[in-house]
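In: Sharing a model that was predicted from the sequence below.
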Amino acid sequence: MNISQLTTPLLAPALTSILAPAADPILASHDKAATEQPNVGPRVDYPEGAAGSTAVSSTAADAEVARSYAKTLAAGVDKTLGRPPLVDVPQQSTLGRWRSQLNSAFQSPSFLAWAKQQNINTGYLKVNPSRGEISGYVGSSIKTFSLTDDSGWSDISRTLLSISKVFAPEPGQEFVYPFYGRDGQVPLNLVAQFYGEPTPSTSAQVTTRVRQLIGNPSFELPDWYVPARSDEALSIHQQALGDDADRHALITALRSQAGDASVRVDLEAVRLPIDPRSSLFASEQRSEMTVAQMLTLQGNRVPVNAKEAGETAQALSFDLAHRAPGVESGGVKQWDIKLGRTLLRKRQGLVDEWKRQQLIQVSDTQAGLGAGSLLSLLFNALPQTTQKMIGDNPAWVMDQLIRSPKALALGDDIQTLLKSIKTPTSAIESVNAALVHELDPSADKSRFNVAGYDLYHKDNVGLPPDVIVKRFVAYLETKVGVVLAPLVARLLLAAVAPEFLVKNIPFGIVFGSAAWMNFCISVMRIELQVPGATANMTYNQVMDYGAVPSVSFEGESELLAAMHDSILAWGFANRMTGNSSKFTVATDELERIRKASIKQQTEILWAHEVLKTLPITREALALEEIKRVFPDIDPTLKVLQDREVRHTPLSLLDIYMSGPIKVDKWKSLDEKNFPYSKIKSRIGELKPDINKVFSEAFLEFRKTHESAWAIQFKYLFSLLPIADREKISQSDVSFFEVSRPFLNGFPSVLDVLTTKVFWPREPTDQELKELKGTQGLMMKVVGSEGEVSAYSVLPFEGRIVKEHTVPGSQAGFNDSSYFSDAGKGYVPGSLHVYNPFGTLNEDRDPPDLAGEMPGSYFSKKTNALAQAAGRFAGQVYEDLKLKAAGVTEVEKGRAIDENLKGFFLSLVPFYDGVQDAIKGDVKGAVFNIGFDILGFALPAANAGRKASKAGKGMLTILKRGVFAGVGASVGYTDTVDIAKNLNKGAQAGYRDIKYLAGKGDEVLSRLRGHYKSYDVSKVYKEGDIVKGFFKSADDNLWRPTVAILKNGAWYAYNVITKTPFGVQAAQFGVISALES
């Protein structure tokens, strides 16, 4: 297509979807920083849009670029310069205007603030748009930032990367910014990339191309380049930069309110300028607004104190739209648009006819599972090299399949048939919906029933997501065959269980844990706003978002919807409800489970904090007591001496810690600094026995820690398979300490010179202590019919492991987890000694009653077993007490305090786990921490701090969601199951049209976006966006929706991605108009 056609508005209605995330990042190599003066001016010039430059001037300027390019190309490349030659580029040309746009992006306040935070030298930047990467100097070395790291790059780079893609549109292409050279010059290679010029490889090709450009000074762009470089695209990106500037100003203003969390803030008094490029300026025509007005227009609550202002700023800083699936990659958006029977039947007829035509064209039709299906036909049309990648990278194969020419052609036909809105990604979404429906036509498909498989089946409790996915794939192999099963799994999981597709989920986050529940809630909160986004996010990114409370009114409803399935699955895994396959439960039962989850997490957080505490020393208690009575003296001064015996002077602290003070026995050698004669009359006011005080304090410390270890046992126990927990709840349970046998003896007098024979002897207490396994406890379970099973309870590793055989019946039991020497001291062939710990537990949990199931974590029997496990973990504290009590001198005490801390940490490997998490050692962190503390162990630097914040934030959010009485809070008045409708959040349907007639405005006001309600008396034009109700064809319910007018019809509109979607709304508007 000729460049002169660029001024024609060819852009698709939703070009903004090109501002989408790129493929997975791959590290790129980098050149050294350029030494010439960067070619970027001190100010940012807004590029002229279609209204600012005529087609004639733009065409003429592009012709100048073509002639300059030909001239530079003819001159050849001087390889000694090490960089491409420069081409003169007029400001009015297409490239010149986009270059100004690029300058604006790199000079935007959000990018500059991020670069400053990351300490990046902006004098040399390398951008690879297809990978979503930017590289630059941080200090003396190059650092690459990607969309999957935790730097915040993905939250500020959407517009910048989209503009950059115009300069490097092909995979692997990149460029260095700022451009070198003078203003009005661009490197030759970038001109070629921008206009899609092929690189000539021979002199003859160069000569031919130069003659062509001189004879006809214009560039022939590939067809798909043209819309992205049009005036309309330029205007959209210019508006996006304005929106970014407004967003950054709003976030900065909110963060500036930081201070005492209780301090009230008045955001009506804080005014901000509105960027004239932005959509807010276009709609409101105002040069400035208050922060409160801006938040209200967006559908967000206005913070009333500094804490809420900080939370709102954090929530607004996430750019979820950047994670949305794109035109080229990133999965697919799963829009929640259900088709009625008529449309489903029409679509299936079209798909069946398409398959029939394909089967006619294919001569070697394959037989077997899945043969002749839509998926099989599309898969077989892919190149062989792509097909072979299905086992290793099903996500990439899925991207290729649903974006293949045949798939896109079929998707386009489906859109035409259904009268769906056409966007850059809508054909992908249409064919994907047809694929999913064929693979699982069930109307009630969910994570509890995916093509007949329950992802949250009881047999999957305690398993990590990758193992559950492998089981799902194995199940699908029996349905569609081994080859297609991984791809089918990916398609179905993307549709109904996106939590399994999130990247970098740490080992140890398992189904049934509080961490998994919180993670799933965070995933669904994101998916309800931007379908398909979480497959392009990491666990860290999901949890970062999840830790921030919802700040919008619509978000409250989304939170309830997100919580429903996650809490239900957690309740089933923890034996608080009887059937995971039930998609809904009664509201009061759901509320009971929610409260139980909060109670569990509160206990875990308490245990987490407790196990970080160190015991108070005897010295510290003695100092505290002396200071209570004698606040003005220094009890550490060594000036006291026995009146009858000369010796090295002692301090009052030493004497007090040594036992009862005989007042008249001592004299001060320095009455001026330590007037003992004046204070001795008050010595009796001190507590007489500081050792007793210390023993009592340490006992309380130990009991508290034993309770924390007991909570850990309960948590680990709740992650065992349900069958194991059920059996244990109805069995006799006893604990045993595991010791190695004592094998030493006295040498025989008769045989000492000939053979090494030893007489047996009684071991000492110390020898027996050294033979005892202090790191683990054996749990023996005897069922009602005498069957025996054994479990290794390993508190310091954070595991309960079911043994395949009963260890006491065999030699060679692997005791490495029971001893700190990792099994090195075990003598092969010897039998271990098992000594009972505590008493036999013969209790039985009562039968489960619907609505009253206490759950494995809270059952009476679990609590009793946990107390025993806690007491066992507390045994190591005896040595800790000796260490704490041995501090007697301040000078030694300072050094010993460090030894005490180290000694304590060595006894409690939990701390090693905390350190591992902070250092980014995931394996070590999960192994040592013992329980994931709501997902606190994360695979990244600073993960410990971030995860702790995420865990506590999620607990706060969970407490805010209330299911009981939810009908009144979200406006449900119909006599329908409220819990069932929670899955639809703000999109829940209404049957009572009379209710909506009176409450419609209130319901619509909860939707995001600064859009007005539909006005029946107004004539709307193409592209207008309003809030209203549309009637769903599949269930005849009225749903509140933001809609856009396109081609004379109304379509649902996502205000975050700024994308219309779905079939046209046959009935749309306000209730007062729809009734008539």
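Out: Yes, it's here. Residues are numbered from 1 along each chain as shown.
In: what residues go with each domain of the chain?
Out: 25-42+50-200, 241-317, 694-869, 989-1075 (automatic domain parsing).
In: Which one of those lies nearest to V351?
Out: Closest approach to V351 among the domains of the chain (Cβ to Cβ): domain 989-1075, 16.3 Å. From N, CA and C alone the C-beta is placed, and that goes for glycine too.
In: Out of the domains of the chain, which gets the lowest mean score?
Out: Lowest mean pLDDT of the domains of the chain: domain 989-1075, a mean of 74.
In: got the domains of the chain as JSON lines, with mean neighbour count and distance to A233 columns?
Out: Formatted as JSON lines, the domains of the chain follow (neighbours: other Cβ atoms under 10 Å; distance: least, Cβ to Cβ, whole Å):
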{"stretch": "domain 25-42+50-200", "mean neighbour count": "18", "distance to A233": "8"}
{"stretch": "domain 241-317", "mean neighbour count": "18", "distance to A233": "13"}
{"stretch": "domain 694-869", "mean neighbour count": "16", "distance to A233": "52"}
{"stretch": "domain 989-1075", "mean neighbour count": "18", "distance to A233": "14"}
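In: among those domains, which is nearest A451?
Out: Of all the domains of the chain, it is domain 989-1075 that lies closest to A451, at 20.3 Å by Cβ to Cβ.
In: Stretch 371-389 spans what distance, first to last residue?
Out: Start and end residues of stretch 371-389 are separated by 19 Å (Cα to Cα, to the nearest Å).
In: rewinding a little: could you export the domains of the chain as TSV, including distance to P486?
Out: Shown next, in TSV, are the domains of the chain (distance: least, Cβ to Cβ, whole Å):
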stretch	distance to P486
domain 25-42+50-200	22
domain 241-317	36
domain 694-869	26
domain 989-1075	28
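In: Looking at these, which is nearest to T636?
Out: Closest of the domains of the chain to T636 is domain 694-869, at 17.7 Å (criterion: Cβ to Cβ).
In: Give me the buried positions along stretch 408-417.
Out: Residues of stretch 408-417 classed as buried by neighbour count (16 or more other Cβ atoms under 10 Å): L410, G411, D412, D413, I414, Q415.
In: just how off-centre is it within its chain?
Out: Between the centre of stretch 408-417 and the centre of its chain there are 35 Å (Cα atoms, centre = their mean, to the nearest Å).
In: on that earlier part again, quick one: which of the buried residues of stretch 408-417 is nearest A586?
Out: Nearest to A586 among the buried residues of stretch 408-417, with distances taken as Cβ to Cβ, is I414, at 39.3 Å.
In: looking at the domains of the chain, which is closest to N460?
Out: Closest of the domains of the chain to N460 is domain 694-869, at 8.9 Å (criterion: Cβ to Cβ).
In: In the stretch 501-650 of the chain, where is pLDDT below threshold?
Out: Filtered on pLDDT under 70, the stretch 501-650 of the chain yields the residue ranges 579-584.
In: cool, and the stretch 851-1000 of the chain?
Out: The model of the stretch 851-1000 of the chain has pLDDT under 70 over residues 851-853, 887-1000.
In: can you map out the strands along the stretch 151-300 of the chain?
Out: Counting by DSSP state E, counting those that start in this stretch, one finds strands in the stretch 151-300 of the chain at the ranges 175-177, 185-187, 271-273, 288-290.
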